[in-house]
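Colleague: from the sequence below, what's the structure:
(chains A, B and C)
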Amino acid sequence: MSATASVAARNRLAAHLRRRERWRWWEIAFWLAGLAAIFAIPSRVGLINEILIAGLFALSLDLILGLTGIVSLGHAAFFGLGAYAAAILSSRGITDPILGLLLSSALAAALGLLTAPLLLRGSDLTRLMVTMGIALMLGELANRNGWLTGGADGLNIEMSPVLGLFPIGFTGQRNAALYSLVVLFVLFLVARRLAQSPFGLSLAAIRENRLRAGALGISTSRRIIAIYTIAAAYAGAAGALLAQTTQIVSLDLFDFHRSADVLLMLIIGGPGYLYGGIIGAAVFIVLKDVISGATPEYWEFWIGAMLVALVLIGRERLFGFGRKAIGRLAPGHVQA
Amino acid sequence: MSGPALEARGLVRRFGGLIATDNVSFAVQPGARQALIGPNGAGKTTLINLLTGVVRPNEGAVILEGGDVTALSSSQRVRRGLSRTFQINQLFPDLTPAESVGLAISERNGSGADFWRVAGSKPEIVAEIEDLLARFGLESAMDQPTRTLPYGRQRLLEIALALASRPRVLLLDEPAAGVPEEERRDILAALAALPSDVAILLIEHDMDLVFNFATRISVLVAGRLLCEGEPAAIAADERVRAVYLGEDAHG
Amino acid sequence: MLTILLDGVAYGMLLFLLACGLSVTLGLMNFINLAHGVFGMIGGYATALLMNRAGVPFLATLPIAFLLAALAGIILERTLYRRLYGASPLDQVLFTIGLVFMAMPIANYFLGDQPQQVHLPPWLSGRLEFQGVGIGVYRLFLIGVCGAIAAALQIFLVKTRFGAQLRAAVDDARVASGLGINVDRLFAITFAVGSGLAGLGGALAADVVGGIDPAFPLKFIVMFLIVVTIGGSNGILGAFVGALLLGVLDVAGKYYVPSIGAFIIYFVMVLTLILRPQGLFARGDAR
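Modeller: Okay, the predicted model is just below:
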């Protein structure tokens, strides 16, 4: 091959490898729309905040499920831990939101680091049970230690203004939503970078074929522990946001229902391309809002029916079309 | 370097009551073109798994370039220079060949865990990917998801991936298995073009391929090493003929 | 103390009855069925409704509870479940969670969200004193009935041809079908029986757990999964021991250390998973 042909080939190759680096127009539109919604629909700003927080939670699940292929039924453990950490910190005098956010997130990350090795052994069911078990344990602990967690009554949370300028209490709901949006966006940027890095590519390889990934020299255990810890930090951050912006924490944050809901949100939006969690959260929460208005008790039924239909029809068939249209942000297709 | 590139010393592996590998000892010299043959069920894949660390032996040792690697995991052995291909393709269905190969090269390079730079931003790695893909005739397919490639191309990628780690020793587990006639030539050409300083142990059923490729043949039967030697000698050996013609009742 | 132990054993036996179907399903078809509790709920409701609205005597409702749940099992298996045997664990989880999410509001719609109570007949109520140890009559009944069923199951598994086929199929389904065993039919029957037993368990459990309500499947699936996790999915011996262990730990834990409560069983489960990921009674070589 001539020198110029070779250079051309290399350029083509490099362009292919870096194809997702550039921001697409719809991505920019997506984030602007989020920002606009906060200002344009002031009456529903609480709902938008809920979507942003749930979106961050679902994004954290996407990192382990969509990117790395690990199924977790207990992701709420980190969410709840982050929420309660932020609440307890505030009740003990640490009312600066960003500091509280960082500390809570770090605590959740620590739990993730501690429990990640448990995921490495055993069968699929074992992994499901371990993740579920951790969440249940945490829930029980929170329940029984009311002196710390306020038990069924919850805690009184008061936050200082963000950066000393923007109050996010009852009177600052729009600020709260903006705060959530900024946190979500920053963490999203990091996740986007991560997914496109060699590290992220190796996670996709682990998802696609763990055996071969090991045979290429990748220390799969360490990578899995690393991403699980990061995902726990993200989930903890989402929990902290919830506590800080809504001033409410409750024991049901650790419930199996929460872990199942976030899984569903991610599946609705589509795992593996980082936007799926946020989109799914929006769809889920808006639908819930609409349907609950009509038939509050039976919201769950429709969710269940949706899940059953989704699986029977085949997630790939439903999402294959959407994927090609949107393009991918993270390596590889996702069968999960 | 003086000693063997890869050595098995007294390897034993049992599964329940069965002995899959029965006190196997042999060596592969640097730059070797060695083949391991044997009837179905002889334990060839188990032996490969023992050598590469997928399975631990009950007794015995695996020595790689003079160092005992018996206690090391698969990925550790890969980092020490021992790669393999699989009998059934073990690829990444939704990654493209470019990404798969790039992954392997980055790992070897030490930059596989970089989490802040975009994959594909190191020109030297991109150059190496291009070179490797070209050598295997995969450049035109470099940006297609692996699962869309025809089987023969996938098999070539299987070998390319193992080579991307720049191994000192390469174990090929039936590289031509399942490959349609039209595409076999490419596999054979790829095998012939493998770097001469890499020690290669080939497991194959296809005798044409074996006799074309190997300068030394080991015969494995029922978990034991029956005999070893040059192709002509093996072909003439009565015991080997008996095994293959089925006078030894084995499956 | 012995009373607590016996209470725990009774609870454990109940759990065994409820969970053994799940254990075999998992071991046989590698299918994670999170909706297993729905069959328990069906059986429980059957008994409660038959007793409360139709005046059927308690004992007579039990076989009906079994049959109704088994019937539901067969129908669901033939129509829905069998399409997903080869599906990924994630798909199985999503699907069965979906089923639970559908079943609970249905129950709520037709039967309300208040627990349906099962009022035990007088001969099953009250306590017995034996050598200074008190035990509820119903607890004794449970131990007897569940123990007998467990024994019968074990004999069936070991002594009958169906049992032998089942064990072979659990061990290696491909090899079993190569031997001419109709694994498909085997599984359908096993699923039905497992569901039926869960239904029976639900009927028997109604009194112990304070009535049957729509939240039953979700509340108890965790317990069932813990039984299967601790006991391993290798036939019913593991499920039996796992269930007993769990029952005793739960009852004793809540009695002696109420500040920690359910934490103990979750902790034991996670500990088991750390030490022996395949469960205490796993098959020889882990798959």
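Colleague: give me the nearest residue to A:Phe284, chain neighbours excluded.
Modeller: Distances taken as Cβ to Cβ, 6 or more residues apart in numbering or on different chains put A:Met265 closest to A:Phe284, at 4.7 Å, once the chain neighbours are dropped. Bear in mind the C-beta positions are built from the backbone N, C-alpha and C, glycine included.
Colleague: same deal with C:Gln165?
Modeller: Among residues not flanking C:Gln165 along the chain, C:Ile181 sits closest, at 4.8 Å (Cβ to Cβ, 6+ apart).
Colleague: and if you look at B:Arg14?
Modeller: Nearest residue to B:Arg14, sequence neighbours excluded (Cβ to Cβ, 6+ apart): B:Asn58, at 5.4 Å.
Colleague: next up, phi/psi of B:Leu225, please.
Modeller: phi -80, psi 120 (degrees, to the nearest 10).
Colleague: just confirm it contacts B:Arg239, I think it does.
Modeller: No - the pair B:Leu225 and B:Arg239 does not pass the contact test of Cβ atoms under 8 Å, sitting 11.8 Å apart.
Colleague: quick one: which of these two has more around it?
Modeller: Taking other Cβ atoms under 10 Å in any protein chain shown, B:Leu225 and B:Arg239 do not tie; B:Leu225 has more neighbours (21 against 14).
Colleague: measure that one to chain A for me?
Modeller: Look at B:Leu225 and chain A: by Cβ to the nearest Cβ, to the nearest Å, they are 25 Å apart.
Colleague: got the contact list for that residue?
Modeller: Contact analysis of B:Leu225 by Cβ atoms under 8 Å, 6 or more residues apart in numbering or on different chains lists B:Val24, B:Ser25, B:Phe26, B:Ser218, B:Val219.
Colleague: hmm, 10 Å instead?
Modeller: B:8, B:11, B:21-26, B:36, B:38, B:42, B:47, B:218-219 (Cβ atoms under 10 Å, 6 or more residues apart in numbering or on different chains).
Colleague: filter these to the buried ones?
Modeller: B:Ala8, B:Leu11, B:Thr21, B:Asp22, B:Val24, B:Phe26, B:Leu36, B:Gly38, B:Ala42, B:Leu47, B:Ser218, B:Val219 (16 or more other Cβ atoms under 10 Å in any protein chain shown).
Colleague: strand partners (parallel or antiparallel) of the helix or strand harbouring the third one?
Modeller: I take that to be B:Thr21. Following DSSP states H and E, one finds B:Thr21 within strand B:18-28. Using DSSP bridges, the strands paired with strand B:18-28 are strand B:6-15 (antiparallel).
Colleague: contacting residues around residue 42?
Modeller: No chain in the question, so chain A it is. A:Ile48, A:Gln173, A:Arg174, A:Ala177.
Colleague: actually it's chain C I care about, not the one you picked
Modeller: By Cβ under 10 Å, 6+ apart, the contact set of C:Ile42 is C:65, C:68-73, C:103, C:107, C:195-196, C:198-199, C:202-203, C:212, C:216-217.
Colleague: repeat that with 6 Å
Modeller: Going by Cβ atoms under 6 Å, 6 or more residues apart in numbering or on different chains, C:Ile42 touches C:Leu68, C:Ala69, C:Ala72, C:Gly199.
Colleague: could you do A:Ile38 as well?
Modeller: So A:Ile38 contacts A:Val45, A:Ile48, A:Ala177 (Cβ under 6 Å, 6+ apart).
Colleague: so what's B:Val12 closest to, chain neighbours aside?
Modeller: Closest residue to B:Val12 apart from its sequence neighbours, by Cβ to Cβ, 6+ apart: B:Glu59 at 4.0 Å.
Colleague: so where's the stretch 151-251 of chain B shaky on pLDDT?
Modeller: B:245-251 (pLDDT under 70).
Colleague: what residues does it have near chain A?
Modeller: B:Ser165 (Cβ under 6 Å from any Cβ of the partner chain).
Colleague: would you map the helices across the stretch 151-251 of chain B?
Modeller: Ranges of helices in the stretch 151-251 of chain B, per DSSP state H, counting those that start in this stretch, are B:151-164, B:181-192, B:207-213, B:231-236, B:238-245.
Colleague: show me what counts as buried in the shortest one.
Modeller: Using 16+ other Cβ under 10 Å as the test for burial, helix B:231-236 gives B:Pro231, B:Ile234.
Colleague: residues in contact with the residue in the stretch 101-250 of chain B positioned nearest to chain C?
Modeller: Among the residues of the stretch 101-250 of chain B, B:Arg147 lies closest to chain C, at 15.8 Å counting by Cβ to the nearest Cβ. Counting by Cβ under 6 Å, 6+ apart, B:Arg147 makes contact with B:Pro93.
Colleague: elements contacting the helix or strand just after the strand holding B:Thr21?
Modeller: Elements were assigned by DSSP H and E; along the chain past strand B:18-28, the next helix or strand is strand B:33-37. On a contact count with 3 or more Cβ pairs under 6 Å, 6 or more residues apart in numbering or on different chains; DSSP states H and E, strand B:33-37 meets strand B:199-203, helix B:207-213, strand B:216-221.
Colleague: how about 8 Å then?
Modeller: Identification of packing neighbours for strand B:33-37 by 3 or more Cβ pairs under 8 Å, 6 or more residues apart in numbering or on different chains; DSSP states H and E yields helix B:44-52, strand B:199-203, helix B:207-213, strand B:216-221.
Colleague: now the ones you listed in CSV, please, with extra columns for distance to B:Leu91.
Modeller: Formatted as CSV, these follow (distance: least, Cβ to Cβ, whole Å):
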stretch, distance to B:Leu91
helix B:44-52, 17
strand B:199-203, 19
helix B:207-213, 21
strand B:216-221, 27
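Colleague: follow-up on the earlier one: for the residue nearest to B:Arg14, grab phi and psi.
Modeller: Dihedral angles of B:Asn58 (phi, psi; degrees, to the nearest 10) stand at phi -70, psi -40.
Colleague: my guess is it contacts B:Val12. True?
Modeller: Yes - counting by Cβ under 8 Å, B:Val12 is a contact partner of B:Asn58 at 4.9 Å.
Colleague: what's the neighbour count on C:Tyr146?
Modeller: Quick fix: residue C:146 reads Cys, not Tyr. With other Cβ under 10 Å as criterion, C:Cys146 counts 26.
Colleague: report the secondary structure state of the closest residue to it other than its chain neighbours.
Modeller: Of all residues not flanking C:Cys146 in the chain, C:Met13 sits nearest, at 3.5 Å (Cβ to Cβ, 6+ apart). Under DSSP: H, G, I helix; E, B strand; the rest coil, the three-state class of C:Met13 is helix.
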